[in-house]
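Q: turn this into a structure:
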Amino acid sequence: MLSIKPIKALSDNYIWLVTTNEGSIVIDPGESKQIIDLIKSNEIDLEGILITHHHYDHVGGNKELKKLYNAKVIGFDEDKHRIPEIDISLKNDETWKDGIFEAKVFHIPGHTLGHICFYFFKENVLFSGDTLFSLGCGRVFEGTHEQMFNSLQL
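A: Below is the predicted model of the structure:
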């Protein structure tokens, strides 16, 4: 069973810490301090860093977390040149699995051209980065409005 903890980051963002009895992953670490503090105080074993897109407020903690915990950075193959420290590149419709963690990757351009989401289908949990928010969607920076609309249809 997944335990999901939102962690406030920067001025208007969240990092997601996902844990099980077997380990943990972090999604979109815009900064590292809060994650490091949680890992130290809870003796968490960080195994992976999942990235939805290359913006700094989602990747700013990659380097330090990878260095400290030897965690693998996982992101979209077509955006690997813009994701710092990436180790594992995934394609659209590919399923990523590491131990108990298993998620399907969907390419959802609009906010950025290389934006993806991670769908943990067994738990019916979606991490959509800056494509979908509870009260709307993210700005269209690189893609088109048509791409964003189509991504929201998935």
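
Q: burial check on Arg82, number of neighbours?
A: Counted with other Cβ atoms under 10 Å, residues neighbouring Arg82 total 17. Glycine gets a C-beta too; all of them are placed from N, C-alpha and C.

Q: find the nearest non-adjacent residue to Pro29, please.
A: Counting by Cβ to Cβ, 6 or more residues apart in numbering, Gly61 is the residue found nearest to Pro29 once chain neighbours are left out, at 3.4 Å.

Q: could you check the pLDDT of that neighbour?
A: Model confidence at Gly61, expressed as pLDDT, equals 97.

Q: cool, Ala9 as well?
A: According to the predicted model, the pLDDT of Ala9 comes to 91.

Q: any idea how far Gly114 is from it?
A: 21 Å (Cβ to Cβ, to the nearest Å).

Q: please report the distance of Leu152 from Ile108.
A: Relative to Ile108, and taking Cβ to Cβ, Leu152 is found at 8 Å.

Q: make that Asp98, sorry
A: According to Cβ to Cβ, Asp98 stands 22 Å off from Ile108.

Q: between these two, which one's more packed in?
A: Here Asp98 and Ile108 are compared on neighbour count by other Cβ under 10 Å; more neighbours surround Ile108, at 28 against 16.

Q: ok, for the more buried one, nearest residue in space, not its chain neighbours?
A: The spatial neighbour of Ile108 that comes closest, neighbours along the chain excluded (Cβ to Cβ, 6+ apart), is Ser151 at 3.6 Å.

Q: perfect, that will be all.
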